[in-house]
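>>> Here you go, sequence then predicted model.
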Amino acid sequence: MSLLQSTGAVNNSSGFADLDIHQPEAALAGLVACAPLLIGFVLAQRFLRTGLLAGAEKG
């Protein structure tokens with residue numbers, strides 16, 4: 001039994017839904033969900049680095 005078949009949301013025997021989700025679709029959904037967060041982190045990395053270095057003390 002795969003991970004997607006063991007959940008009640010996509011398991012046909014549970015009666016919740018009649019969805020046929022395969023691994024490529026699940027991988028694409030995960031990438032689409034994570035992409036905005038990763039892009040935001042890459043764009044904000046300059047500000048995060050300067051903020052961390054501004055509070056640092058030498059010595």
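Received, thanks. Here the structure is a predicted model, which is why all the values come from computation and not from measurement.
>>> Assign Glu57 to helix, strand or coil.
Three-state call for Glu57 (DSSP: H, G, I helix; E, B strand; the rest coil): coil.
>>> what's the neighbour count on it?
4 (other Cβ atoms under 10 Å). Glycine gets a C-beta too; all of them are placed from N, C-alpha and C.
>>> quick one: it from Arg49, how far?
16 Å (Cβ to Cβ, to the nearest Å).
>>> and if you look at Ile21?
Counting by Cβ to Cβ - Ile21 and Arg49 are separated by 39 Å.
>>> ok, those two, which is more surrounded?
Ile21 (14 against 10).
>>> Need the three-state assignment for the more buried one.
coil.
>>> Now it. Its backbone dihedrals?
Here is the backbone geometry of Ile21 (degrees, to the nearest 10): phi -100, psi 130.
>>> What are the boundaries of the helices in the protein?
23-54 (DSSP state H).
>>> measure Gly30 to Thr50 for me?
31 Å.
>>> in stretch 24-35, what counts as buried?
Residues of stretch 24-35 include none that count as buried (16 or more other Cβ atoms under 10 Å).
>>> got the CA coordinates for it in CSV?
The C-alpha trace of stretch 24-35 is given here as CSV (Å, rounded to 0.1, in the frame of the first residue of the first chain):
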residue,chain,number,x,y,z
PRO,A,24,4.2,12.8,-10.7
GLU,A,25,1.1,14.8,-9.7
ALA,A,26,2.0,14.6,-6.0
ALA,A,27,5.6,15.7,-6.7
LEU,A,28,4.4,18.6,-8.8
ALA,A,29,1.9,19.7,-6.1
GLY,A,30,4.7,19.6,-3.5
LEU,A,31,7.0,21.7,-5.7
VAL,A,32,4.3,24.2,-6.4
ALA,A,33,3.5,24.5,-2.7
CYS,A,34,7.2,25.0,-1.7
ALA,A,35,8.4,27.2,-4.6
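>>> Thank you, goodbye.
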